[in-house]
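# just the structure for this:
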Amino acid sequence: MIEITNLIKTYAGKVHALNGIELEIGSGMFGLVGPNGAGKTTLMRIIAGLLRPTAGSVRVFGHDLASQRGRQEAKALLGYLPQELGFYPNLSGREFLDYMAILKGVTDSQERKQQIGELIELVRLTEVADRRLKTYSGGMKRRIGIAQALLGKPKLLIVDEPTVGLDPEERVRFRNLLSEMAGRCTVILSTHIVEDIGHSCSDLAVMDKGRVVFRGAPSDLITQARGHVWTITTQGEQPNGSLAVVSTLQMHDGVSYRVLGQPGALYPSAQPVEPSLEDGYIWLMRQSAAVMA
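Below is the predicted model:
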């Protein structure tokens, strides 16, 4: 459905944001994960038709984004929730959606009213739909953002860093909402929070320094760290620098460290443990850094 071929984006000053991205994205929920500055937002903006690549091609549902007509036809099929969505604070949630629907070409008033009513219910904002946006919490604003992205019944939903700044309850609610959306359209979820990907996506890509360094299922990423995750208990001294400390837990008999690497003879009491998705991600990024060094 989305075909990305040798995509390159270079900004002024020879800043290479994307370096030859190759991806094919099908239906359902697709996760794009990587550290800040990896190029995720640049890639999302290019797919959304908001940014032109320096080289390479993107086809969205068969429409080539290199042409103006292709971009227009692709934009008619997608909804986009950027990291920062501009709101009109004095509009109510319902008024904001009505305004956005008109901009998206939903000109029939009855069709607009029906879509807005359904989306307000879908994102669970019925009770606050007529309150001004400036009174909304961060989670409510994210949900009204999803509602505006779904206006016009898009075939592709692009969501960039949607859970940043949300409390744990709102993050769970938002992930569940996106999972529901994946049954209606293709969803691309871009984030640096690995946990969001693990709970939502069956297919993902990891980006680092403008490149795709992994593509596969979350279970495949976990497998990469198997045999490299250990727990080490000390009296407080942190394990040496060759080991990456993932987490620290204060115990009654010392400090338990979850580490990545090979403890070797220095830590004979180290215990192997099953890796998590976060372990797999951190291990991959360490390997990627070593290759690019």
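# helices of the stretch 101-250 of the chain, start to end?
Applying DSSP state H, counting those that start in this stretch to the stretch 101-250 of the chain gives helices spanning 109-122, 138-150, 168-181, 194-200, 218-224.
# list the buried residues in stretch 52-62.
Using 16 or more other C-beta atoms under 10 Å as the test for burial, stretch 52-62 gives 53, 56, 58-60. To be clear about C-beta, it is placed using only N, CA and C from the backbone, and glycine gets the same treatment.
# residues making contact with that stretch?
Residues outside stretch 52-62 that contact it (C-beta atoms under 8 Å, 6 or more residues apart in numbering): 1-10, 18, 20-21, 46-47, 64-66, 70, 74, 77-78, 155-156.
# now it: average pLDDT?
Summarised as a single mean, pLDDT over stretch 52-62 is 95.
# could you check how many residues crowd around residue 143?
24 (other C-beta atoms under 10 Å).
# in contact with it, which residues?
123-125, 174, 177.
# quick one: low-confidence parts of the stretch 51-200 of the chain?
Along the stretch 51-200 of the chain, the model assigns pLDDT under 70 to no residue.
# outline the domain layout of the protein.
27-45+80-217, 223-292 (automatic domain parsing).
# could I get these as CSV with distance to residue 14?
As requested, the domains of the chain are arranged in CSV below (distance: least, C-beta to C-beta, whole Å):
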stretch, distance to residue 14
domain 27-45+80-217, 12
domain 223-292, 17
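# and among these, the most buried is which?
Sort those by mean neighbour count, taking mean count of other C-beta atoms under 10 Å, and domain 27-45+80-217 sits at the top with a mean of 18.
# which of the buried residues of stretch 52-62 sits closest to residue 227?
residue 56 (36.6 Å; C-beta to C-beta).
# any idea what the closest one is structurally, helix, strand or coil?
strand (DSSP: H, G, I helix; E, B strand; the rest coil).
# setting aside sequence neighbours, what's the nearest residue to it?
residue 7 (3.7 Å; C-beta to C-beta, 6 or more residues apart in numbering).
# can you check residue 289 too?
Nearest one to residue 289, counting by C-beta to C-beta, 6+ apart, is residue 208 at 7.8 Å.
# hang on, that neighbour packs against residue 287?
No - using C-beta atoms under 8 Å, residue 208 makes no contact with residue 287, being 10.0 Å away.
# now the strands: where do they sit in the protein?
Assigned strands in the chain, in chain order: 2-11, 15-25, 29-33, 55-60, 63-64, 78-81, 156-160, 186-191, 203-208, 211-216, 229-234, 244-251, 254-260, 271-272 (criterion: DSSP state E).
# how close does residue 142 sit to residue 289?
32 Å (C-beta to C-beta, to the nearest Å).
# with residue 275 instead?
18 Å.
# which residues does the residue positioned nearest the centre of the chain form beta bridges with?
Nearest to the mean C-alpha position of the chain, by C-alpha atoms, centre = their mean, lies residue 190 at 1.9 Å. Beta bridges link residue 190 to residue 32, residue 160 when assigned by DSSP bridges.
# who's in contact with it?
Listed by C-beta under 8 Å, 6+ apart, the contact partners of residue 190 are 32-33, 40-41, 43-44, 158-161.
# residue 130 too?
Here residue 130 is in contact with 92-94 (criterion: C-beta under 8 Å, 6+ apart).
# in helices, which of those residues appear?
93-94 (DSSP state H).
# save the contacts of residue 130 as a markdown table, and put in distance to residue 224 too.
Formatted as a markdown table, the contacts of residue 130 follow (distance: C-beta to C-beta, whole Å):
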| residue | distance to residue 224 |
| --- | --- |
| 92 | 48 |
| 93 | 43 |
| 94 | 47 |
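# if we can go back for a sec, pLDDT score for the residue nearest to residue 56?
pLDDT for residue 7: 96.
# likewise for residue 292?
65.
# from residue 107, how far out is the closest residue in space to residue 223 that isn't next to it in sequence?
Excluding the flanking residues, the one nearest residue 223 by C-beta to C-beta, 6+ apart is residue 280, at 7.3 Å. Distance of residue 280 to residue 107, given as C-beta to C-beta: 48 Å.
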